[in-house]
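Asker: predicted coordinates and the sequence they were generated for:
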Amino acid sequence: DDGSRFTTRLFPGLDYANSRLLTLTEDHFNHPNNPPSSLDPEREPRLPVHSVGLAIFGSAARDVARHFIQRWNFACANVYRRARKPLQLGSHGKALEAFLDKPLLVPRFYVAHDLEDCELLVRRTQCLRSVLDYPNTGRRLSLSNQTVNVLLLNLDEGRNRHSGFESDDRQQQQQQQQQQQQQQRKHQQQQQQSKKKNDKGKNGANVANMPIFLTEKSVSNLEGNEVVQDEEFINCLERLSQGRVPHSCRVTVLRSLGKWSGGLYRQLEERSILQAYYSAIKNARRFLYLESELFVSQSRNRCSKRPWFRIAFYMYKRILAARQASEAFRIYLVIPLLPRHQGRLLSETDGDYVNRRAMQHVYGAIFRGEDSLVHRLLQRNIAPDEYLSVCSLQKYERIPDGWLAQDIYVQSNLLIADDRLAIIGSPSVTDHGLLGYKNSELAIRLEDPPSSGGRSGSGGFVRTLRMTLWGEHLDMPARLREAAIGDPGEAAVWGLWRGRATRNSQIMYEVFRSVPNNAANTIERLRDFTSLDYLRRRAKLYSNSRATVGQGLEKLAGFCGTLVRYSGHFLEGNDLTHIDEDTKRWRAALLWPDFSLV
């Protein structure tokens, strides 16, 4: 091979990136087409990422849009409130001043009566203030000579929730309520006037003067519950459906929302994603399949500083119930081999310390310590290998200089239960994503109707999604999937999954000595794998011996799919949060990957 097939760049600019080999700076983002430094495709690989996306239509998509509107309007209202007290702007004053010029939003209306009844459907709280209460600056409020209400919509309309803006006393609250009632009367009068103008052929004339985003087709005169035929929506649906089979599911929008992100007081945060995870694990009958960027949880039902939530505990209880009932139950967990750190893994920078801390929490949640899931199962004389499988994704690739081992970073966050229910969203299994008062997250719960059929109790979209993912991980043709991986609760499928992961891991270790691996269970053993002398000797061995290269390629022919076993014993003899002076000098390039076949 003369290397001519490597001349085409599939990932130009910053798309060809590997955070473990190159730390991105502000200059990289300011000049993406001409970055100050970049990876060498001849020597340095791009970090592959595994992710799962989802397209939804109908009322569930409207709920997602309303969630965005609520977050946007709350952010605007929060900026306006802080703008009244300049001392609260702090170092972000300029950014907040620019935010004052942004428009407020209301949902797009699909039926005629929505525009009239919108305020009646929304639970009014103190955060629903008139636009006239805010500073009249910029083009944002230049037309507001009339009263316009800011609508912060909850997905669960009519539910009594605290907003985060409280009046100082009851008298002020009563005054604001009276003012809102007056504004509502004025708004109804304006709607009546607008209808009269629409009858004369001036549709949307009054709405056009409101400093909010409303299109003419959003307020068209419709009879009954007729839905607006949006040409853009139809074109988008046609593009997405090309080559894909559409599915109908019961869809619920879930989210994590707190005081800073939605104005909900502490202990009143919305944790619907976490509750959906609990319910899915508790009610699972045959199996659970999870992909997560991180897995940091506690396996005991007790309050602790961190982590707070108890997904691992619910898994533990479900395994105990399966053991007592003598029924087959499997948990398939797929997580990354290493966090997505920037540059050095074992240095003393803040970012690397956070990543090592995350690794320590993952190991502590699953494998190590008295509170780990594996240890608690062993205390009950339960073999973890009968119920729990923890795997990662890995592959090998060819570059002009030779062959290399590659970690596939698992960026997807999903749960599949019994091929019947799926939860797909942005939060990983950590406190930050699921407790509500930290990160603001969004997820979709999909449930196939019972009539969709299926070998393990259900089918439809969720089953198709799981079969597609497993077909990718196991490198299995579509015609063989139904017979081979149709029911993950069966012992044959369990053996196939674990056997494929074990064999792939052994091949990667024998050919590349890739790190992390279970053999490098201490700092001293890791030093043997990553020393420069060892790498030079190994590179020289492969470059001078065609027979050795042939043996390596022959072994790689047995590598099938991308599934490998997670290295649960990696550095188990050391505390990852404390690194000595000699170890911190190692670069991630030495840890990952080894250029063994050159």
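Answerer: Now that the structure is in, tell me what you want to look at. Numbering: from 1, shown residues only.
Asker: now the strands for this protein?
Answerer: Assigned by DSSP state E, the chain shows strands spanning 49-50, 104-105, 212-213, 250-257, 270-271, 287-291, 330-334, 388-399, 402-410, 414-417, 421-425, 441-447, 563-565.
Asker: now tabulate those strands in a markdown table and tack on mean pLDDT.
Answerer: Output for those, formatted as a markdown table (pLDDT from 0 to 100):
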| stretch | mean pLDDT |
| --- | --- |
| strand 49-50 | 92 |
| strand 104-105 | 77 |
| strand 212-213 | 28 |
| strand 250-257 | 90 |
| strand 270-271 | 88 |
| strand 287-291 | 97 |
| strand 330-334 | 97 |
| strand 388-399 | 90 |
| strand 402-410 | 84 |
| strand 414-417 | 96 |
| strand 421-425 | 95 |
| strand 441-447 | 92 |
| strand 563-565 | 96 |
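Asker: which of those is buried the deepest?
Answerer: strand 563-565 (a mean of 26; mean count of other C-beta atoms under 10 Å). The way it works is simple: take the backbone N, C-alpha and C, and place the C-beta from them, glycine included.
Asker: so what strands line up beside that strand?
Answerer: strand 388-399 (antiparallel) (DSSP bridges).
Asker: let's see the partner strand as CSV, backbone CA atoms only.
Answerer: Written as CSV, here are the backbone C-alpha positions of strand 388-399 (Å, rounded to 0.1, in the frame of the first residue of the first chain):
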residue,chain,number,x,y,z
LEU,A,388,-24.0,-7.8,35.8
SER,A,389,-21.8,-7.1,32.8
VAL,A,390,-19.7,-3.9,32.5
CYS,A,391,-18.2,-3.3,29.1
SER,A,392,-16.6,-0.5,27.0
LEU,A,393,-16.0,0.1,23.3
GLN,A,394,-12.7,-0.2,21.5
LYS,A,395,-11.4,-0.8,18.0
TYR,A,396,-8.2,-0.9,16.0
GLU,A,397,-7.4,1.3,13.0
ARG,A,398,-4.9,1.7,10.2
ILE,A,399,-2.9,4.9,9.7
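Asker: okay, the strands of the chain in a markdown table with distance to residue 553 next?
Answerer: As requested, the strands of the chain are exported to a markdown table (distance: least, C-beta to C-beta, whole Å):
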| stretch | distance to residue 553 |
| --- | --- |
| strand 49-50 | 25 |
| strand 104-105 | 57 |
| strand 212-213 | 59 |
| strand 250-257 | 47 |
| strand 270-271 | 51 |
| strand 287-291 | 30 |
| strand 330-334 | 27 |
| strand 388-399 | 10 |
| strand 402-410 | 8 |
| strand 414-417 | 35 |
| strand 421-425 | 38 |
| strand 441-447 | 42 |
| strand 563-565 | 19 |
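Asker: can you say which of the ones you listed is nearest to residue 20?
Answerer: Residue 20 lies closest to strand 402-410 among the strands of the chain, at 8.4 Å (C-beta to C-beta).
Asker: okay, angle between the closest one and strand 388-399 too, please.
Answerer: On the basis of axes from the mean of the first three to the mean of the last three C-alpha atoms, to 10 degrees, strand 402-410 is oriented at 140 degrees to strand 388-399.
Asker: so which elements touch strand 402-410?
Answerer: On a contact count with 3 or more C-beta pairs under 8 Å, 6 or more residues apart in numbering; DSSP states H and E, strand 402-410 meets strand 49-50, strand 388-399, helix 491-512, helix 546-556.
Asker: winner for burial among those?
Answerer: Of these, strand 388-399 is the most buried (mean count of other C-beta under 10 Å), at a mean of 20.
Asker: what's the angle between that one and strand 287-291?
Answerer: With the same axes, to 10 degrees applied, the angle from strand 388-399 to strand 287-291 works out at 40 degrees.
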